[in-house]
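Participant: Here is the input, now give the coordinates:
(2 chains)
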Amino acid sequence: MKQVGRLFRLLFDEKFDFFKKNTNRKKAFSSILKYFIVFFATTAICYYAFFRIRLYGINLDEGVLGLIILVTQIIAFFMSLGGIISNLYNSKDSELLMCMPVTHNQIFITKLMVMYVSEFIHNLLYFSPIFISFGLNSNMNSIYYILMPLYLLILPIVPMALAAFVSVPFYKVFSFIKERLALAVITVLVLSGTGIYLYVNLITKIFTNINIVGQQLQVIIKINKWLRDFSSSNYLFTKIATSMNGNMTYITLPILIITSAILMVLSSLLVKLFYYKMAMKNSESRLISHKKSNSRKESALKSLVRKEFYTVFRTPGYIFQYFIYTLLMPLIVFVYDRLLITITVSSVGETMIGGAHVLILSILALLSCTISASAISREGGTYYIMKTSPVSFKKQVLAKVIFNLSIVLIFVFITMIATLIFIDINPFYIIFSTIIVSFLSIGQICWNFDMDLRNPTLDWYDSGEITSISKNTSNSIILSLVVSVVVAYLVFLFARYDIVWYLVTFFAILFAIGRIKLLRARVNYYFRNNEM
Amino acid sequence: MLKIKNFTKIYANSNVKAVDNLSLELKKGEVFGFLGANGSGKSTTIKCLTGILPITDGSITICDYDIEKEPLLAKSLIGYVPDNHAVFERLTGREYVNHIANLYNVSVKDRDERTKKYLKLFQLEHAFDSQIKSYSHGMKQKITVIAALVHNPKLWVLDEPLTGLDPQSAYQLKLAMKKHAEEGNTVFFSSHILDVVEKICDRVAIIKKGVLQGVFDLKKLKEKGESLEELFMNIFYDDERFELNDKNGESK
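Facilitator: As a prediction, the model looks like this:
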């Protein structure tokens, strides 16, 4: 037991570095204050949201609370599934922990405990503002606020146990797909494509069938009826919601506790059977063979571009992180434009379509340039190869720019052709949107590259970490959105004058030239002075 | 071959001189050992002479090409094996070596010949078409060595090259270093393994806290009946021993 306690402390400190970071009182106080501010701000926002919903005439009763609990449980289930896979099966510390004087069983129990505590903390931080603000808006009994912490303590157990059950087959299928790049890409594309299609289909139906403003009362009545029907079918969670408010708590709460405990024990026993084997699978090494090829001489530039393609497209994580929007660009733009036509015909007017098309296309294209914000960081320990090669740094940068730009442009042009063929929008808008977005992409790639060149994060352990530990990627996402919105705003503002398209194209060209010149001017200086 | 003249390095985020006024000259055809304790400035010197880090003061030339003024020409003459053995893990061994050969503009005939030779030497033929990601630590080190030699560099620089290699590969690497020097090239490497340095080096330089303590001819040292280990200990640990004795109240 002592060993489990020590191990728990070790893993807990590693996961929650709050106590390590806040060594003095002032720092600890400011951190706690920050948490409280975020907590109260979230509660206030949630309160306002529920208040508005109530004003529209939607009944906030225990049935709605049951629905909220169901949604939070679904979210907790997916969070737990991710947590089990990353902390138990994929964890980098497994190898180290297995060498310590503790049994595999003790490691497993400790990891599960740490996961449970982290789920509880997540529940407390993310879900309690929702429950508190709901209670205030629906006149819950005072016992509701007393019982809430207890329920927040118990509720994570069920989704965690279910996630543990599902995790074993899920991980096996996931590993199978992950090892086959083509299959992984197809799976993600199919899943994302289906999701987007269903979502847009739903929205289109709503917009074409319902005039929300004109039929507000009927809509509210329909929603209330749907909520009533749903709460009767959502019996289990409505019952939990009722017991949270003090009704039949003495029966429901013990049943919930016993059920959660049984599920937890059963799922632990199941996962325990597979834990060691799955955790150690990542440490085993076997040679991954590729097709034998012959040596061939290529120019340094071509070789550098090829290397970029190989290193990025053989890393599934990079494809999902950086190119998921690129791969889905034609599909998203297609369904978005279809939706746009449906809405604009009935409400806004045709002149706005061009601006909206530029907005979605530039957002997707510029997000596809984000990979350049880690162009240097991704090199990590291999940055020395760039530095020691007898190839000018400008050429090395050019190779990385060509790589990113070629992918973006290919998909922008595929999107253009698909839109020209299948969507009934003025071709003038589509062609100019494509030209504008192409130049914006050139500028954005250079800007992102510039950011990473000035402040690269070369010290990482796993390639998946780069986006989380480097601020450049998140900054580049913000920049992409800002640039897209500014350009679309200009088009929207002067949409009735065709000359706006020529002007925005001119600005996009200026943007591209400006960023190229800035990057060219800085490349050698930063390259020389980057210390690794 | 390699001339380091009054070389000083201060890192951007520090005021301390990592290397202070170091001067060295390496001849054609010699294996030169670079010794020092951890943090003494060995890797910093190596990183500066290969162009990884900028120089604060002084100059470094390789075959008369200044690494700061004519970096591309100077770099084309160097083959570098780093201490971390970082390589493009998603490439296969063949793709990686080919890529490096392309960067150094090596003809297909030459690269094939050299690759074949070193693959056999390091017994890596079976893994050459496998992704480097699936290599063991030692195999990664071997592929780094092969890639560094694919353009037959005039100056072969190795930072702690023997760490992690199996005895047979370590032996082969030592042989390769000697052979490379015999062919008229220069080998410059850092190491902590004094026995190895003593066996394969012609001369050694010892650096302590960024300051060069001296350059020693190992033949002459042997003739004097002094071992490299004794020399190293005298330079490095005498002061500390005396300091320790002082603190304990003992006489020097």
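
Participant: Tell me which residue in the stretch 1-150 of chain B sits closest to chain A.
Facilitator: Per C-beta to the nearest C-beta, residue B:86 is where the stretch 1-150 of chain B lies closest to chain A, at 3.0 Å. (Each C-beta comes from the backbone N, C-alpha and C, glycine too.)

Participant: So which helix or strand of chain A has the lowest pLDDT on average?
Facilitator: helix A:18-21 (a mean of 58; mean pLDDT, DSSP states H and E).

Participant: helix or strand right after it?
Facilitator: helix A:25-55 (DSSP states H and E).

Participant: where do the helices sit along the stretch 151-252 of chain B?
Facilitator: Here the stretch 151-252 of chain B has its helices, by DSSP state H, counting those that start in this stretch, at B:167-182, B:194-200, B:218-223, B:228-247.

Participant: Quick one, which of these gets closest to chain A.
Facilitator: So among the helices of the stretch 151-252 of chain B, helix B:167-182 is nearest, using C-beta to the nearest C-beta, at 17.2 Å.

Participant: Show me what that closest one is packed against.
Facilitator: strand B:31-35, helix B:108-121, helix B:137-149, strand B:155-159, strand B:186-190, helix B:194-200 (3 or more C-beta pairs under 8 Å, 6 or more residues apart in numbering or on different chains; DSSP states H and E).

Participant: pLDDT averaged over the longest one - what is it?
Facilitator: Regarding helix B:108-121, the rounded mean pLDDT is 93.

Participant: got it, and stretch B:196-211?
Facilitator: Mean predicted lDDT for stretch B:196-211 stands at 90.

Participant: can that stretch be found next to chain A?
Facilitator: No - residues of stretch B:196-211 are not located near chain A by C-beta under 8 Å from any C-beta of the partner chain, the shortest gap being 16.0 Å.

Participant: May I see the buried residues of the strand or helix carrying residue A:406?
Facilitator: Using DSSP H and E, residue A:406 falls within helix A:393-422. For helix A:393-422, the neighbour count (16 or more other C-beta atoms under 10 Å in any protein chain shown) marks A:393, A:396-405, A:407-409, A:411-412, A:415-416, A:418-419 as buried.

Participant: With stretch A:381-390 instead?
Facilitator: So stretch A:381-390, judged by 16+ other C-beta under 10 Å, has buried residues A:381-390.

Participant: Which ones, among those residues, also lie beside chain B?
Facilitator: Among the buried residues of stretch A:381-390, the ones lying near chain B by C-beta under 8 Å from any C-beta are A:381-382, A:384-385, A:387-390.

Participant: could the helices of the stretch 151-252 of chain B be laid out in TSV, adding mean neighbour count?
Facilitator: As requested, those are arranged in TSV below (neighbours: other C-beta atoms under 10 Å in any protein chain shown):
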stretch	mean neighbour count
helix B:167-182	16
helix B:194-200	17
helix B:218-223	13
helix B:228-247	13
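
Participant: and residue A:42, which of the ones you listed is closest to it?
Facilitator: Set against residue A:42 and scored by C-beta to C-beta, the helices of the stretch 151-252 of chain B come closest in helix B:228-247, at 57.3 Å.

Participant: Could you report the distance from the closest residue to residue B:170 other than its chain neighbours to chain A?
Facilitator: What sits nearest to residue B:170 in space, not counting adjacent residues and going by C-beta to C-beta, 6 or more residues apart in numbering or on different chains, is residue B:162, at 5.1 Å. Distance of residue B:162 to chain A, given as C-beta to the nearest C-beta, to the nearest Å: 19 Å.

Participant: Could you list the residues in contact with stretch B:104-112?
Facilitator: Stretch B:104-112 is contacted by residues A:295-297, A:300, A:389-390, B:76, B:97-98, B:101, B:114, B:150-152 when judged by C-beta atoms under 8 Å, 6 or more residues apart in numbering or on different chains.

Participant: Go through the residues you listed and flag which are in helices.
Facilitator: Residues from the contacts of stretch B:104-112 lying in helices, with DSSP state H as the criterion: A:300, B:97-98, B:101, B:114.

Participant: Would you list the phi and psi of residue A:495?
Facilitator: Reported as degrees, to the nearest 10, the phi and psi values for residue A:495 are phi -60, psi -30.

Participant: Surely it and residue A:352 touch.
Facilitator: Yes - using C-beta atoms under 8 Å, residue A:495 makes contact with residue A:352 at a distance of 5.9 Å.

Participant: tell me the pLDDT at the spatially closest residue to residue B:198 that is not a sequence neighbour?
Facilitator: Distance criterion C-beta to C-beta, 6+ apart; nearest residue to residue B:198, sequence neighbours excluded, is residue B:228 at 4.5 Å. Looking at residue B:228, its pLDDT is 85.

Participant: Same question for residue A:94.
Facilitator: At residue A:94, pLDDT is 72.

Participant: try residue A:458
Facilitator: For residue A:458, pLDDT reads 73.

Participant: now do residue B:35
Facilitator: 91.

Participant: show me the contacts for it.
Facilitator: Contacts of residue B:35 (C-beta under 8 Å, 6+ apart): B:42, B:190-192, B:194, B:197, B:204-207, B:232.

Participant: List the contacts of the residue nearest to residue B:170.
Facilitator: Contacts of residue B:162 by C-beta under 8 Å, 6+ apart are B:170, B:173-174, B:191, B:193, B:196.

Participant: Could you do residue B:102 as well?
Facilitator: A:297-300, A:302-303.

Participant: Grab the nearest non-local neighbour of residue A:489.
Facilitator: residue A:355 (8.0 Å).

Participant: what separates the host helix or strand of the one you found from the chain centre, distance-wise?
Facilitator: Assigned by DSSP H and E, residue A:355 belongs to helix A:352-367. On the basis of C-alpha atoms, centre = their mean, to the nearest Å, helix A:352-367 is displaced by 21 Å from the centre of the chain it belongs to.

Participant: among the helices of the stretch 151-252 of chain B, which gets the worst mean confidence?
Facilitator: helix B:228-247 (a mean of 66).

Participant: Highest neighbour count among the ones in helices among the contacts of stretch B:104-112?
Facilitator: residue B:98 (28 neighbours; other C-beta atoms under 10 Å in any protein chain shown).

Participant: about what we covered before: between helix A:393-422 and the helix holding residue A:355, find me the angle.
Facilitator: Counting by axes from the mean of the first three to the mean of the last three C-alpha atoms, to 10 degrees, helix A:352-367 lies at 150 degrees to helix A:393-422.

Participant: re earlier: surely the residue nearest to residue A:489 and residue A:496 touch.
Facilitator: No - using C-beta under 8 Å, residue A:355 is not in contact with residue A:496, being 10.8 Å away.
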